[in-house]
Structures are given as C-alpha cells and as structure tokens.
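Engineer: show me how the following folds:
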Amino acid sequence: MVWVTAVILLALIEFLVFGILVSRARAKYAIAAPAVTGNEMFERYFRVHYNTLEHLIVFIPAIWFFGTYVSPLWASALGVVYLIGRIVYAAGYIRAPEKRGAGMGLSMLPNVVLVLGALIGSVRAMLVL
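Structural biologist: From the prediction side, this is the model:
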C-alpha cells in the first residue's frame, strides 16, 4: 500500500499547488477575499481548484479501498492516470473552459473504476468470510 499512499500524497500536493495558483490569480486579477467572482480568468483557476476538491472526495477513499480489496498496484496505476487527468483538466480549463473535456475524462474514468472495483472487491471479501 506504500504506492497507494504515495499517489494519495501526490494528489494532495497537486491540490495544494492548484490552491497556490488560485491565490496568485486572486492577487493578479485583484479579486479581494471572500469574492470568488469578478474576473473570468480568476474564476477559471478557482473552478479548477474547487472541481479538484470535488473529485478528491471520491478519489481518496476509492483508491484506498481499491488498493485494500483489489490491488495496490492497479490502484496506484489508476491514481497516476487520475493525477495526469487533473493536470490536463487544469491546463485545458485555464486556457479555454471548453477544452476541459479530455482532462475531465482522464479524472472521472479512474474514479469510476476505483469506486466500482472497490465495491466489487469489498463484496467479494464479505462473501469469503
């Protein structure tokens, strides 16, 4: 599970970096807290960060349970795809919101596989008891 832990930590670092980008955009576009609107470019950075938070809520438990009940190696591999997907999503969304599709797919697909795999793996484990 060491690889699963490493991927989760990388996902948290990625989230922190996106937060730093939001902070920099807040300063660059003069958006005073607590406002989260007022400049389209700032809003793009903000949405990338917030959308990543929405995905992390699913990703972290799903990768952990998949790693526990199915395979830590496959969980980690799917996690790396998720991490790359978040980067592709961020780059696309910041450049032009309509360009976020590929990154969203690369983030959503691993999450779906991790959740369904963890569910199947945990049910299998219950049936073995």
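Engineer: all strands of this protein, in order?
Structural biologist: Secondary structure of the chain by DSSP state E: no strands are present.
Engineer: pLDDT weak spots in it?
Structural biologist: Screening the chain residue by residue with the criterion pLDDT under 70, one finds the ranges 129.
Engineer: max-length helix in it?
Structural biologist: Using DSSP state H to assign secondary structure, the helix with the most residues in the chain is helix 40-69.
Engineer: surely Gly103 touches Tyr93?
Structural biologist: Yes: using C-beta atoms under 8 Å as the test, Gly103 is close enough to Tyr93 to be in contact (7.2 Å). Just so you know, the C-beta spots here come from the backbone N, C-alpha and C atoms, and that holds for glycine as well.
Engineer: re earlier: run the chain-centre distance for the longest helix of the chain.
Structural biologist: Computed by C-alpha atoms, centre = their mean, to the nearest Å, the chain-centroid distance of helix 40-69 equals 3 Å.
Engineer: what helices or strands is it leaning on?
Structural biologist: On a contact count with 3 or more C-beta pairs under 8 Å, 6 or more residues apart in numbering; DSSP states H and E, helix 40-69 meets helix 2-28, helix 72-95, helix 101-128.
Engineer: now Ile94: closest residue in space that isn't a chain neighbour?
Structural biologist: Excluding the flanking residues, the one nearest Ile94 by C-beta to C-beta, 6 or more residues apart in numbering is Arg44, at 5.0 Å.
Engineer: now for the one you found, how many residues are close by?
Structural biologist: The burial count assigned to Arg44 is 20, neighbours taken as other C-beta atoms under 10 Å.
Engineer: before we move on, back to that, deepest in the core, which of the helices and strands packed on helix 40-69 is it.
Structural biologist: Greatest average neighbour count among those goes to helix 72-95 (a mean of 19), per mean count of other C-beta atoms under 10 Å.
Engineer: quick check: angle from that one to helix 40-69?
Structural biologist: Orientation note: helix 72-95 sits at an angle of 170 degrees relative to helix 40-69 (axes from the mean of the first three to the mean of the last three C-alpha atoms, to 10 degrees).
Engineer: only alpha carbons, please: show helix 72-95 as PDB.
Structural biologist: What follows is helix 72-95 as a C-alpha-only set of coordinates in PDB (Å, rounded to 0.1, in the frame of the first residue of the first chain):
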ATOM      1  CA  PRO A  72      -2.400  -1.800  -4.600                       C
ATOM      2  CA  LEU A  73      -0.500  -1.800  -7.900                       C
ATOM      3  CA  TRP A  74      -3.600  -1.300 -10.100                       C
ATOM      4  CA  ALA A  75      -4.900   1.300  -7.600                       C
ATOM      5  CA  SER A  76      -1.700   3.200  -7.900                       C
ATOM      6  CA  ALA A  77      -1.700   3.000 -11.700                       C
ATOM      7  CA  LEU A  78      -5.200   4.300 -11.900                       C
ATOM      8  CA  GLY A  79      -4.200   7.000  -9.400                       C
ATOM      9  CA  VAL A  80      -1.400   8.200 -11.700                       C
ATOM     10  CA  VAL A  81      -3.900   8.400 -14.600                       C
ATOM     11  CA  TYR A  82      -6.100  10.500 -12.300                       C
ATOM     12  CA  LEU A  83      -3.200  12.800 -11.400                       C
ATOM     13  CA  ILE A  84      -2.400  13.300 -15.100                       C
ATOM     14  CA  GLY A  85      -6.100  13.900 -15.800                       C
ATOM     15  CA  ARG A  86      -6.200  16.700 -13.200                       C
ATOM     16  CA  ILE A  87      -3.200  18.400 -14.800                       C
ATOM     17  CA  VAL A  88      -4.700  18.100 -18.300                       C
ATOM     18  CA  TYR A  89      -8.000  19.300 -16.900                       C
ATOM     19  CA  ALA A  90      -6.400  22.400 -15.300                       C
ATOM     20  CA  ALA A  91      -4.400  23.300 -18.400                       C
ATOM     21  CA  GLY A  92      -7.400  23.000 -20.700                       C
ATOM     22  CA  TYR A  93      -9.800  24.800 -18.400                       C
ATOM     23  CA  ILE A  94      -7.500  27.700 -17.700                       C
ATOM     24  CA  ARG A  95      -6.700  28.000 -21.500                       C
END
